[in-house]
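Asks: kindly generate the corresponding structure for this input.
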Amino acid sequence: MTEAATDILRVRNLCKSYRSGDTRLDVLRGVDFDLAAGEFVSVVGQSGSGKSTLLHLMGLLDAADAGEVVLAGTRIAGLSAARRDRLRNTCVGMVFQSYYLLPELDALENVMAPLMVRHGIFEWLTVRSAVRARARELLDRFGLGGRLHHHPRQLSGGEMQRVAIARALVTQPQVLLADEPTGNLDETTGAGILDTLCELNRADGLSIVLVTHDPVVARRADRIVRLAAGRVDETCPAAERKAG
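Replies: Numbering: from 1, shown residues only. The predicted structure follows:
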């Protein structure tokens, strides 16, 4: 892979293992990966191939044993925990299969939460109105304008995932990382979520990495990267790119 100036995310020779007692499990064994600005890439592979581990390392939720991650021109190795947290909060949005909404907060508050974390108490008082307006705008965009004050238990799976996408976008990230975002949804609802991601990529130019085990979902991306046994097995253009 060549290192293009337009790459928003670059991974080189990434290795990660976990220990359980005396046993070591090598999950990633030297992965190279590039994401160009505005590109939509799906990562596929069988269970245990390292898909979610790769996504978590790229999203700065975990640290690699070896190798390099460069996000938005910043090398992750050597950053303090505070700088890593700041970079993740400003550059990366993440969407998960299980939503991870806070049950005590309503939809609007869940979307606002990442920016509540970013700002200190006194600064928050000055930006709160603007953040609330941004969160409402996103929820309106995703058809949830009438559900602003509903808590997660009052929402359907598709609605919870749309709230989670809005939460991921409220910080205006450069990269969206999605880990099996349709995995808990029925086919129709999942297709709607996928349409939303495709539109964000096309209309907003958002760079997206989508982990999935579903080949139909994977083909909606620009490019498919296949992992096997902790390594990149192949990378190829997606066979189809349907309109959302």
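
Asks: going forward, measure contacts and count neighbours with C-alpha atoms only.
Replies: Noted.

Asks: give me the residue at the spatial middle of the protein.
Replies: Leu177 (1.7 Å; C-alpha atoms, centre = their mean).

Asks: show me the contacts for that one.
Replies: Leu55, Gly59, Val92, Gly93, Met94, Val95, Ile208, Val209, Leu210 (C-alpha atoms under 8 Å, 6 or more residues apart in numbering).

Asks: quick one: contacts for Met160?
Replies: Listed by C-alpha under 8 Å, 6+ apart, the contact set of Met160 reads Tyr99, Leu101, Pro152.

Asks: can you give me the buried ones in the least confident helix or strand in the chain by mean pLDDT?
Replies: Lowest by mean pLDDT, DSSP states H and E among the helices and strands of the chain is strand 231-237, with a mean of 86. Using 16 or more other C-alpha atoms under 10 Å as the test for burial, strand 231-237 gives Arg231, Val232, Thr235.

Asks: ok, that strand: who's next to it in the sheet?
Replies: When sheet partners are counted by DSSP bridges, strand 231-237 sits next to strand 223-228 (antiparallel).

Asks: still on that earlier bit, any chance of the buried residues of strand 231-237 in CSV, plus distance to Arg75?
Replies: Formatted as CSV, the buried residues of strand 231-237 follow (distance: C-alpha to C-alpha, whole Å):
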residue, distance to Arg75
Arg231, 21
Val232, 21
Thr235, 24
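
Asks: ok, those residues vs Ala135, which is closest?
Replies: Thr235 (36.1 Å; C-alpha to C-alpha).

Asks: distance check, the residue nearest to the centre of the chain against Ser52.
Replies: 10 Å (C-alpha to C-alpha, to the nearest Å).

Asks: surely Asn201 meets Gln174?
Replies: No. Asn201 lies out of contact with Gln174 (C-alpha atoms under 8 Å); the separation is 11.0 Å.

Asks: what sits in contact with each of those two?
Replies: Joint contacts of Asn201 and Gln174 (C-alpha under 8 Å, 6+ apart) are Ser207.

Asks: by contact count, what packs against the longest helix seen in the chain?
Replies: Longest helix of the chain, by residue count under DSSP state H: helix 121-141. Packing partners of helix 121-141 (3 or more C-alpha pairs under 8 Å, 6 or more residues apart in numbering; DSSP states H and E): helix 107-118, helix 157-169.

Asks: least reliable of those by average pLDDT, please.
Replies: Of all the helices and strands packed on helix 121-141, the minimum mean pLDDT falls on helix 107-118 (a mean of 94).
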